[in-house]
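Visitor: Okay, here's the prediction I keep looking at, along with the sequence it came from:
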Amino acid sequence: MLKYAIKRILLMIPVILGVSFLVYFIMDMAPGDVISVIAGDQNLTTEQLAELRASYGLDKSVFVRYLLYMKNFLRGDLGTSYITHKPVLQSFMEKFPATLMLTIASILVTIIISIPLGIYSALKRGTIKDNVALVLALLGQSIPSFWLGLILIIVFSLNLHWLPSGGIGGIKNVILPALTMGTGMTAILTRTTRSSMLDVLRQDYLQTARAKGVPEKKVILKHALSNALIPIITIAGSHFAYCLGGSVLIETVFAWPGVGRLIVDSLNSRDTVMVTGCIILKSTIIGFILLLVDLLYAVIDPRIKAQFAKGYKR
Amino acid sequence: MNKESLSESILEIRDLTVHYEVGQEVIKAVNHLNLSLKKGRTLGLVGETGAGKTTTALAIQKLIMSPPGVIKSGTVDICGNKIMELSVKDLELIRGSVVSMIFQDPMTSLNPVFTVGEQIAESYMIHEGIPKKQAIEKAMKMLETVGIPRNRASEFPHQFSGGMRQRVVIAIALTCNPQLLIADEPTTALDVTIQAQILDLMRKLKEGRGMSMIMITHALGIVADICDEVAVMYAGRIVEKGSLADIFNHTKHPYTEGLFNSLPNIRNRSMRLIPIPGLMPDPAHLPAGCAFAPRCKYAGSDCTAEQPEEHWISDSHMVACAAYGRNGFHIERHEK
Amino acid sequence: MKNKNIHRLARDAEKADAPILVSERYARRSQSTEIWIQFRRNKGAIVGLVLVAILVFCALFADVLVDYDNDVTGINISQKLIRPCRAHPFGTDDLGRDILCRVLYGTRYSLSIGFVAVIIGMAIGVTFGAIAGYFSGLAEDIIMRLTDILGAVPSTLMGIVIVSALGASTFNLMLAIGITSIPEFVRITRATALSVSRQDFVESGRAAGFSQKRIIFFHVLPNCLSPIIVQTTLRIASAIIAASSLSFLGLGVPVPAPEWGAMLSIGRQYIRTYPHLTLFPGLAIMITVLAFNLLGDGLRDALDPKLRR
């Protein structure tokens, strides 16, 4: 089991390298000269500009620069922002907790709503209640998150004055962004829970449990759900990773000071080092979370665990 | 529940009718079934796939899935408990303790995410109210009774072979010493050699505990091996029932005759197999008269008009065939 | 009498053994009618189909319904920021342009970006996925690693990166979204191709001397179609959201274009005072995405053999 985990972690390394190269390379193609931004209002001669360029190492070819970048990356130095002059890693670590907090809040909201709703929907399959739940889920999946955020702001913040319209703070500030981010996830997870439960409800071992005299409620919540949860947890995990990555929009709408906002702001000020570093870091973190989810899947499903114990690849 | 007389009746089914309502169609799975079983006896419930055997078994514990299944009529009496009138809670008390069931496919009957020890122990915990640790201990003892080493209690179902899983299922069924064990084709999904082992195990356990058993099967060989009485089902009704000798040596119903004729004769290898022509009728569109009449070579106009009466050949032997109302009628398969 | 039965048995046997190589015409005709019947039963799918048809109509005939220069981009400051009324059912925006006209014209952008982006993703993704699924071994490993790398970056961020690198234009937007769609197509195609390639009729094709290319494109791929079709439809939905997201962030279509996401970005500035600017474009996005999701779900249910009774 541990061997499998280590193998997967090692496999991630080429992926991280590939991602970093891809992002670095594409960002390098971005138009706009950082040097002119840095030079700002000073009227520098061509020679002074060239000197400035060389001092930032921007006169070498992209491949050389990439290698230098990676050398530093591995030492934990992702470069310094051209604009704020703070190390990229430091800025990232400052903003990351906010993004994390938002994502965790939204996944909690999601789990609380979607799992009971999905179970209920599966049990009442075909009835009106089930169809209503499915329609709501479909709507939730189809709403653009940033628009939902704006609408929620209009209703709850500007009209009802119940909740603030942005910024980080206490619980009140988290509610609207978490709900917005969670809506799409809730929709998908409800449908997943429903179909997973439907699959499990057909299984013979539930009849065995009933014939044993297990009360119906326990048959559903213990015998059925424990099997249905397996795919649900893995999908929830991958959605967590997806939301972590897609926090850009929500953070923009709600002026939430997380990594997403940092990336967008840096993009606007042409701070390519910051953008590159943040995206690479974010992708790496998401990759690790997905890996954890995969391993979690192995832990909770005894059949998969047994496969790993014998050394098989999934 | 009194256990006084040996000829005490464990199971009494009267006029059981079970329908499945699927969309527009009504599937008449079981139709006005009567059956009884005495203590310590083993009944073989025989019939082809679709005859209604499993539905009958599920109806006995009222385990029919409520949409789409509906129990239209009938009473079931198990050791004095009127099943159809009991509340859900009381039913749950009876299931697993007074009456137990073994299902057909051992590969899917066990919950994959719980250990076999936990699944056996759950029965003890529910019916005897003992704490988990004690229950696991008893579960391990039960595993030994069915021939599995006790230290395997912490393993998961996928770590066992088909035959061993079926032993676990039997262990679960026997935890609380049920009066009645219903076994729905317990060996159909297993190899022939394993089949023999499982049947042996079941026979030993049954005798040791004085349990009554209903063995549902389509294999007459198993019936001959382990059953005292036989009931033959066709299209949701019992067409012939009696003791083992009655059915095997004094066969009366044309369908039963057809079943025996379909078996190869080991003494006369060159004899041709005589299959029963046609197929069992669609349970959603059953004829008004005898359901077997279209395939029966003895059928007459008296057969298609209405349901055949029950004729009692002896105290134990019943056949539901209109032909026996005619003078001097007998099927070709004669007394042995 | 005897001959008829033999023919029927032979035909059935053909159908069972070789889904595409033999009896193509038989299988195809009855299959598509069967699929249509299944599809028709699903009310949501019909609604989706109708909506998509309406949207496509709007996009194609936008020029006829609406005058581009006057209504869509014509600046009319005196008419600015009017709330919804009879003359302007959706109101006007900050430059006096009628929002209903702009939303209608916006179908052209959203649908075209959605379609082209997904076609790009599909063409590349399906090809590589089929190769990976058919050849296995080293080719599969390399393709899947590359796909993992491409998919490791969250799609929104990837889109942002590509557009900011290439510049904001409609085509670059299509390209960016198309590229982010590739991994899903590769994965789905590979999974199906893998199981299809193991079937006997592929082996018999090889034995008959068909070239690899022929086998992949004419025998393996047609059998992978169902999940690809479903994925394409659903992908169009997410492409439309991605397009409007990027435009919302200012990274999409150039300025006067009536793209819904861009309109929302403008609306955001006036959110406190003129919320109607935010309402209608977003509603348009939602309905469009809903339509494609309904259609995609309906197709998935109709095409999924497991769901057939």
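Guide: Ah, there it is.

Visitor: which element is the residue nearest the centre of chain B on?
Guide: When Cα atoms, centre = their mean is applied to chain B, the residue found nearest the centroid is B:Ile216 (3.0 Å). Using DSSP states H and E, B:Ile216 sits in strand B:212-217.

Visitor: cool, and C:Glu184?
Guide: With elements delineated by DSSP H and E, C:Glu184 resides in helix C:170-197, which encompasses its position.

Visitor: buried residues in whichever helix or strand comes after that helix?
Guide: If you walk from helix C:170-197 toward the C-terminus, the next helix or strand you reach (DSSP H and E) is helix C:200-207. Judged by neighbour count (16 or more other Cβ atoms under 10 Å in any protein chain shown), helix C:200-207 contains these buried residues: C:Phe201, C:Val202, C:Gly205. Using the backbone N, CA and C atoms, a C-beta is placed for each residue, glycine as well.

Visitor: Find the residue ranges of chain B scoring beneath the pLDDT cut-off.
Guide: Screening chain B residue by residue with the criterion pLDDT under 70, one finds the ranges B:1-7, B:334-336.

Visitor: ok, and the closest non-adjacent residue to the closest residue to chain A within chain B?
Guide: In chain B, no residue comes nearer to chain A than B:Gly96, which is 3.5 Å away by Cβ to the nearest Cβ. The shortest distance from B:Gly96 to any residue other than its chain neighbours is 3.5 Å, reached at A:Gly213 (Cβ to Cβ, 6 or more residues apart in numbering or on different chains).

Visitor: Who are the contact partners of the one you found?
Guide: Each residue near A:Gly213 by Cβ atoms under 8 Å, 6 or more residues apart in numbering or on different chains is listed here: B:Glu92, B:Leu93, B:Ile94, B:Arg95, B:Gly96, B:Ser97, B:Ser123, B:Ile126, B:His127.

Visitor: Lowest mean pLDDT among the helices and strands, pick that one out for chain A.
Guide: helix A:34-39 (a mean of 64; mean pLDDT, DSSP states H and E).

Visitor: Toward the C-terminus, what is the element adjacent to that one?
Guide: Moving toward the C-terminus from helix A:34-39, the first helix or strand encountered (DSSP H and E) is helix A:46-55.

Visitor: average model confidence for the helix or strand following that next one?
Guide: Past helix A:46-55, further along toward the C-terminus, the next helix or strand under DSSP H and E is helix A:62-74. Mean pLDDT, taken over the full extent of helix A:62-74, equals 79.

Visitor: picking up where we left off before, look up the pLDDT of the residue nearest to B:Gly96 for me, please.
Guide: At A:Gly213, the predicted lDDT confidence score is 89.

Visitor: And for residue 156, the neighbour number?
Guide: In the absence of a named chain, chain A is used. Other residues near A:Phe156 come to 17 when the count uses other Cβ atoms under 10 Å in any protein chain shown.

Visitor: nope, chain C
Guide: 22.

Visitor: again with the one 4 residues further on
Guide: Here the count is done by other Cβ under 10 Å, and C:Ile160 has 24 residues near it.

Visitor: Also the one 10 residues further on?
Guide: The number of residues packed near C:Thr170 is 18, by other Cβ under 10 Å.

Visitor: longest helix of chain C?
Guide: Looking across chain C with DSSP state H, the single longest helix is helix C:99-135.

Visitor: for that helix, what is the average pLDDT?
Guide: Averaging pLDDT along helix C:99-135 yields 88.

Visitor: So which other helices or strands are in contact with it?
Guide: Secondary structure elements in contact with helix C:99-135, counted by 3 or more Cβ pairs under 8 Å, 6 or more residues apart in numbering or on different chains; DSSP states H and E, are helix C:43-60, helix C:62-65, helix C:137-152, helix C:170-197, helix C:221-248, helix C:260-269, helix C:276-303.

Visitor: which residues does the residue lying closest to B:Cys176 once chain neighbours are set aside contact?
Guide: For B:Cys176, the nearest residue in space outside its immediate sequence neighbours is B:Ser97; the separation is 4.2 Å by Cβ to Cβ, 6+ apart. With contacts defined as Cβ under 8 Å, 6+ apart, the neighbours of B:Ser97 are A:Gly213, B:His127, B:Cys176, B:Pro178.

Visitor: can you give me the end-to-end distance of stretch B:237-254?
Guide: The first and final residues of stretch B:237-254 sit 14 Å from each other (Cα to Cα, to the nearest Å).
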